[in-house]
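1. My questions concern the predicted model and sequence given below.
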Amino acid sequence: MKIYFSGSIRGGREQAESYALMIKEISFFGQILSEFVGDQTLTSYGTLNMTDTEIYNRDTKMIVEADIVIADITIPSLGVGYEIAYAEKLGKKIYCLYHRKDDSRISAMIAGNQNCQIFIYQSQSEIPEIIKNIFK
């Protein structure tokens, strides 16, 4: 199984540690096409050796190739939202993880979308079980 993992890069890297854990857990179930998202040395400047067009072409190609998309939607990100919409247009199964903090809320465009299955977690310790449930 080929899996596209989506998480915020230019929108902020505060969840990078969680992304790395998610990618580690997801890797037990298939090939992750976008492992770089979990690279904790990656900054919000993203991949500096590629143009925006090259990044767009690479990422959309990986979404086309993927069997499913798993996205962390904790940090509001135009890129993550775009990737989710792109995957939805292609008929991909979409799973979203959301780290609930304080009074934060999920975008209505994701929360109200019946094509996105949302998993809410309070701490990183819940992530392995959520990932297992996605692949049951």
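-> Right, received. Where do you want to start?
2. And the next helix or strand past the helix ranked longest in the chain?
-> With DSSP state H applied, the helix covering the greatest number of residues in the chain is identified as helix 52-65. With elements assigned by DSSP states H and E, the helix or strand that comes after helix 52-65 is strand 68-72.
3. Could you list the residues in contact with the following helix or strand past that following strand?
-> Downstream of strand 68-72, the first helix or strand assigned by DSSP H and E is helix 78-89. Surrounding helix 78-89, the residues in contact under the criterion CB atoms under 8 Å, 6 or more residues apart in numbering are 4, 6-11, 59-60, 63, 66, 69, 71-73, 94, 96, 107, 109-110, 113, 115-116. Every residue, glycine included, has its C-beta placed from N, CA and C.
4. Go ahead and measure how far helix 78-89 is from the middle of the chain.
-> For helix 78-89, the separation from the chain centroid amounts to 10 Å (computed by CA atoms, centre = their mean, to the nearest Å).
5. tell me the average confidence for it?
-> Averaged over helix 78-89, pLDDT sits at 97.
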